[in-house]
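>>> missing the sequence, but the structure's below:
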């Protein structure tokens, strides 16, 4: 079951150190690994601007690259290590995950469905519900919503191909 799946997943993780300012992923690339930021921080950049920072000090589960890794879309952002220090990442290589997914298809499907639900989509790329959220009228929120809708449409197109 799921505890065996998680145990196997943990055994497949590899530690990766990233120099300050070093790129981890580039916007438009596919993903051959899933990353967790466990030390330092990484910035998500789009169009040369920082759009978000993933910090290890916010607790476990700071995942990097999950949309490309699990849903097969191109990286929506460039990811670089913070210029203020090294980042320590745990890496799950795609080939290891694919072997796990073949042995534990229900768990792999649950992960994929959970990610799709974040975007209000079912496994066929259809809308499942309206996305709720607080509207604060700020330009940043509108830009974030625009990015969200752009990524959602990319996911939908990828599913339907």
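Nice, thanks for sending it over. Keep in mind that this is a model prediction, so the values were computed, not measured.

>>> Any regions of the protein where pLDDT drops low?
60-61, 129-144 (pLDDT under 70).

>>> could you show me where the helices are in it, in order?
Using DSSP state H, the helices of the chain run over residues 2-12, 66-71, 94-103, 105-118, 139-160.

>>> In a markdown table: these, plus mean neighbour count and distance to residue 51.
Every C-beta, even on glycine, is put in place using the N, C-alpha and C of the backbone. Output for the helices of the chain, formatted as a markdown table (neighbours: other C-beta atoms under 10 Å; distance: least, C-beta to C-beta, whole Å):
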| stretch | mean neighbour count | distance to residue 51 |
| --- | --- | --- |
| helix 2-12 | 12 | 28 |
| helix 66-71 | 20 | 14 |
| helix 94-103 | 15 | 25 |
| helix 105-118 | 14 | 17 |
| helix 139-160 | 14 | 7 |
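
>>> can you redo the ones you listed as CSV with distance to residue 77?
Converted to CSV, the helices of the chain look like this (distance: least, C-beta to C-beta, whole Å):
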stretch, distance to residue 77
helix 2-12, 24
helix 66-71, 9
helix 94-103, 19
helix 105-118, 16
helix 139-160, 9
